[in-house]
Structure formats: structure tokens, C-alpha cells
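Student: with the sequence up front, the predicted model follows.
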Amino acid sequence: MLSAQNLASLVQPARVHRQLYCDPAIFELELQRIFGTAWIYVGHESQIKKPGDYFRTFIGRKPVVLVRDAEGEIRVIHNQCAHRGSLVVANDTGHADEFQCCYHGWTYHLDGRLKAVPLQHGYPRDFDPKNPKTAMTQVPRVKSYRGFVFASEAEDGPSLEDFLGHMTTSFDDMIDRAPDGEIEIAGGVLKHAYDANWKIYLENLCDAAHPWFTHRSSIEAAQQQSDKVHSDGSGEIAIRQMRQNGAPYSFWESQVGIWTYPNGHSYLGDYHDDAKLVAAMNDPLFRDYIAAMEEKKGRAETRRVLEVRRWNSNVYPNLSFMSQFQQLRVVHPIAVNRTVVHTYSFRLKGAPERMFRNTISFANIVNGTGSLVLTDDLEIYNRIGMGLSSEGAEWIEIGRGLESDLPDAHGGRRGKNSTSEIYIRKMLQAWLSYMTNGHSQMRAAS
Ligand code: FES
Ligand SMILES: [Fe+2]
């Protein structure tokens, strides 16, 4: 039985029970209590620029459609026909004047209200097409932060800005890097799937202690290459990225930080000290970009923006993004031991096209299933899935850094350095709070 007390007993300050990653009953409860209440990232406004534009996605396992309705309002509606339950919208993205179910032709307005029903004369006399129960129902709360759209199935709860807290600065960091102050999703989507729990993904994205082992084969290969392997420069980014993954522990423990904030959010500091990868370091590669930034924002603001150094920012429970190379990943839980991740790239409006080429090169390096980085991580995710399905060891250690974590100036906590597992502890603290409706806190959590 999954009482608050039982759930609390599974999450301890320095360890967590394997049940959280492989118990189907816990997974079902997570869909209700976490994905069914929290603000869930659903898409970006640039994907639905005009009335009628739509983007199909999921809140937890529930299919939904992000759409700009005829009045220009952003809506998130359940992608389910009120007749016999079929998915209504089957394309990933598109433009429509109305949505029509391809089973028996029930037709809906863009905001989900029922518009027309074939054979309506045949329905019982009290059948009312205006009854809200005959609509594709709306997700009650939808809100954007500077173009990033979130939806919550809870009628009440914290505002999006309260939920995000200091993490808004990571979104700002991505947007402020655009000379025109706007970004747009571009270049398609890369998808990958693995056979393990959804929580594993966010746990890896801020894990500074794994590259040296997990990515060693590509690090060693990169160390043997010259800087330039492709004339267009894309190989150069790959090689330098791999080499940075091979930085020694002394670097991760002195130069890189990890910061955490309420509701399970966190970000890892940037670990690059390579001018080819960090615009603020003023490599010739970035000359035109910096000129475009300075023209629009002035020198001081350009300097301020480009000196922000963050690697991955995790917004719990379903988003991880990276402002430096404009990457965004959305986590879709499928089953307790099955997860799908969709990854997107953003174009910085007003930046030279070469910047976007770098973004795409970087996406192929870290988010492509044929890449030298993701293939290693996918193997690890699957191994974790397999390992945790064994009943050998019950508890997982998450205590690294527990005794040295520190307060942060913005109401959070940070690790003494990037190898602290504080971000996992904080995600689990948020997990427990969601799962017990705030009735249980982790004992003596850092
Ligand atoms: S299920 Fe959609 S019209 Fe019948
Ligand atoms: Fe990795």
C-alpha cells in the first residue's frame, strides 16, 4: 500500500529505494500526483505562430494538443474525441481551421468546443452538442514564460512564476542570447527512447561525475584528432566537446558548480573553458554574432549576457534545456521502465546563420541517436533499467556532497562543486512532496 508514510520511507537523505524506479503502482501514482498537478512544459509559442497552428504532445501519458485558437489564444486541449475516444489530431504539427475526428467525423473548434456531428438526428433527444462534455476538454491552466508554454491539470496551485522561481533566469539566458530578443524552435526534432524510468534522464543531465567513465571512448578518440576534421567546422565542435567531457575530476571539483531550487529544479554550471564553445571568450567564430549583439543591446549588456555560464537547466519534472547551444529536451514517461525524450533546437533571431549551424551540429553531437555522446548515455539508461529491475540491492546511494552542500543567494542550495548529488536529492524531495500532497518531507534533507 502506498500511504504517505510508506512513500516517505522510500526516500532518505542519502539514499533512495529502487522501488521508485521500477514499481508500476508508483509510476501510476506519479502520473496522477506529479504529471497530473505540476506545471508541465508543453511547447514553445514559436511552434504555433498563427491561429490554427497546432503541436501535438503529452502531459504525462495523456495526449494533448497545443493550439492557437481562432482568437489567437493559446490553448492546450485533450487530444481525445468525445464520441468514442479516438485520438483526434494525429499529425505532430500542422495548421487547421478545425479538428475533425477521422473515425465518425465529429468536428471541433480550435478551442475544443464541438462544432458539428454527422447523423445528429439519430442521437437521443437530450443529446446537446453544446454540453461541455461533448468537447475536446481544455487543460485548466495554461501559461507561458517568455514563450515557453506550460500547462497544469490542477485548477489551483502555485503560479507558473512561483513554480519556476529562480529558474526563470535560465530561460532568460537562452532568450537574451538572441540579438533580436526572440528565439524560435527550428531544425526538426530528434527522438530517443530507453528502457528505464523517466527520473533517470534528469538525474543524468546534471551528472558531472559520469563523462570520464561513460564517454571515455569518444574522449579518447577526440584526443587523437586534430581540431579541424570537417571543412565546415562542425567536426571541430564535436571534438572540442568530447575533449571537455574528458576534463579531470580536479576541474569538475574546482571550476564547475551545481545549483538547486525549490520544486526539484537545478542547473549545472558550464564546464567549457574553450573559446570555440563559449561565445563570451571572443573566438573569431563568434565575431559576427557578438557584433550583432552589441548593435542591438550595447556592449555592456552583451558582455553581461554572454558571461552567464550554464550547462543544463532541469525544470522538474519534464524539461531539461541548455542555453549556450539552444537545446531543449522534453521527457515523456511511457511506462515505469520505458521513457521517450524529444529534443529541439532554437534559432537565435538576429544572429548570423552560422550560429544556428553550430546549434544543429551540437544537437547532432549530444542529442542525435547516432551521436558519440547520446549512444553512451542510452546504454547507461538501459543498464540502469536492467540493474534496478534486479532485487539484489534495494537502496541506491545519492549522498555525494551531502555534508558539504551550501545555501544559495537566491533561496536555493548549491553543491560544494559539480560532483555533488544534491540535484538528485532535491528532485526526490520535490517528488515526495508531490506524491504525498505536501504531507511528507524528506527527513533531515540537505
Ligand atoms: S470516435 Fe471520434 S467521431 Fe467517433
Ligand atoms: Fe552523458
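Tutor: Sure thing, it's come through. Note that the coordinates shown come from a computational prediction; the quantities given were computed from them, not determined experimentally. Ligands and ions are numbered 1, 2, ... in the order given.
Student: any idea how far the residue in the stretch 201-350 of the chain that ligand 1 sits nearest to is from Ala196?
Tutor: Closest to ligand 1 within the stretch 201-350 of the chain is Ile334: 23.4 Å, counting by CB to the nearest ligand atom. Every residue, glycine included, has its C-beta placed from N, CA and C. From Ile334 over to Ala196 the distance is 11 Å, taken as CB to CB, to the nearest Å.
Student: those two - which one has more neighbours?
Tutor: Ala196 (24 against 16; other CB atoms under 10 Å).
Student: for His342, give me its contacts.
Tutor: Val189, Leu190, Lys191, Arg329, Val330, His332 (CB atoms under 8 Å, 6 or more residues apart in numbering).
Student: which SS class is it?
Tutor: Under DSSP: H, G, I helix; E, B strand; the rest coil, the three-state class of His342 is strand.
Student: count of neighbours near the nearest residue to it once chain neighbours are set aside?
Tutor: Sequence neighbours aside, Val330 is the residue nearest to His342 in space, at 4.8 Å (criterion: CB to CB, 6 or more residues apart in numbering). Val330: 21 surrounding residues under other CB under 10 Å.
Student: follow-up on the earlier one: which helix or strand contains the residue of the stretch 201-350 of the chain closest to ligand 1?
Tutor: Assigned by DSSP states H and E, Ile334 falls within strand 327-335.
Student: tell me which residues in that strand are buried?
Tutor: Gln327, Leu328, Arg329, Val330, Val331, His332, Pro333, Ile334 (16 or more other CB atoms under 10 Å).
Student: likewise stretch 236-256?
Tutor: 236-247, 251-253, 255-256.
Student: now swap in stretch 137-148 and tell me
Tutor: Those would be Gln138, Val139, Arg141, Val142, Tyr145, Gly147, Phe148, for stretch 137-148 by 16+ other CB under 10 Å.
Student: just confirm the first one contacts Asp111, I think it does.
Tutor: Yes: contact between Gln138 and Asp111 holds when scored by CB atoms under 8 Å: they sit 7.0 Å apart.
Student: identify the contacts common to the two.
Tutor: Both Gln138 and Asp111 are contacted by Arg75, Ile77, under the criterion CB under 8 Å, 6+ apart.
Student: how about the spatially most central residue of the chain: what's its closest non-neighbour residue?
Tutor: The centroid of the chain falls nearest to Leu319 when counting by CA atoms, centre = their mean (1.7 Å). Of all residues not flanking Leu319 in the chain, Tyr41 sits nearest, at 4.1 Å (CB to CB, 6+ apart).
Student: which SS state does that neighbour fall under?
Tutor: strand.
Student: wait, it touches Val315, no?
Tutor: Yes: between Tyr41 and Val315 there is a contact under CB under 8 Å: 6.6 Å.
Student: tell me which of these two has more neighbours.
Tutor: A count of neighbours by other CB under 10 Å puts Val315 above the other of Tyr41 and Val315, at 28 against 22.
Student: mind checking how far that one is from His121?
Tutor: On the measure of CB to CB, Val315 and His121 end up 50 Å apart.
Student: how about the residues of the protein by ligand 1?
Tutor: Cys81, His83, Arg84, Ser86, Cys101, Tyr103, His104, Gly105, Trp106 (CB under 6 Å from any ligand atom).
Student: which neighbouring elements make contact with the helix or strand of the chain with the lowest mean pLDDT?
Tutor: For the chain, counting by mean pLDDT, DSSP states H and E, helix 234-245 ranks last in confidence among helices and strands (a mean of 83). Where contact means 3 or more CB pairs under 8 Å, 6 or more residues apart in numbering; DSSP states H and E, helix 234-245 is packed against helix 216-223, helix 353-366.
Student: ranking the ones you listed by burial, who's on top?
Tutor: Most buried of these, by mean neighbour count (mean count of other CB atoms under 10 Å): helix 353-366, with a mean of 19.
Student: neighbours of Gly392, how many?
Tutor: Residues near Gly392, counting by other CB under 10 Å: 8.
Student: phi and psi next, for it.
Tutor: phi -60, psi -70 (degrees, to the nearest 10).
Student: from Ser266, how far out is it?
Tutor: Taking CB to CB, one finds Gly392 at 29 Å from Ser266.
Student: Leu428 versus the residue nearest to Leu319, what's the distance?
Tutor: On the measure of CB to CB, Tyr41 and Leu428 end up 20 Å apart.
Student: low-confidence ranges in the stretch 101-250 of the chain?
Tutor: 228-234 (pLDDT under 70).
Student: report the buried residues of stretch 149-159.
Tutor: Of all the residues in stretch 149-159, those buried under the rule 16+ other CB under 10 Å are Val149, Phe150, Ala151, Ser152, Glu153.
Student: can you lay out these as JSON lines showing distance to Asp227 and secondary structure?
Tutor: Output for these, formatted as JSON lines (distance: CB to CB, whole Å; DSSP: H, G, I helix; E, B strand; the rest coil):
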{"residue": "Val149", "distance to Asp227": "40", "secondary structure": "strand"}
{"residue": "Phe150", "distance to Asp227": "41", "secondary structure": "strand"}
{"residue": "Ala151", "distance to Asp227": "44", "secondary structure": "strand"}
{"residue": "Ser152", "distance to Asp227": "47", "secondary structure": "strand"}
{"residue": "Glu153", "distance to Asp227": "49", "secondary structure": "coil"}
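Student: which one of those is nearest to Lys349?
Tutor: Comparing the buried residues of stretch 149-159 against Lys349 with CB to CB places Val149 closest, at 18.0 Å.
Student: the closest one reaches Glu45, doesn't it?
Tutor: Yes: taking contacts as CB under 8 Å, Val149 lies within contact range of Glu45: 6.2 Å.
Student: anything in contact with each of the two?
Tutor: Ile74.
Student: so who does Thr57 touch?
Tutor: Counted by CB under 8 Å, 6+ apart, Thr57 has contacts Val42, Gly43, Pro63, Val64, Val65, Leu66, Val330.
Student: where does it land in three-state SS?
Tutor: Assignment for Thr57 (three-state DSSP): strand.
Student: quick one: it from ligand 1, how far?
Tutor: To ligand 1, Thr57 is 20 Å away according to CB to the nearest ligand atom, to the nearest Å.
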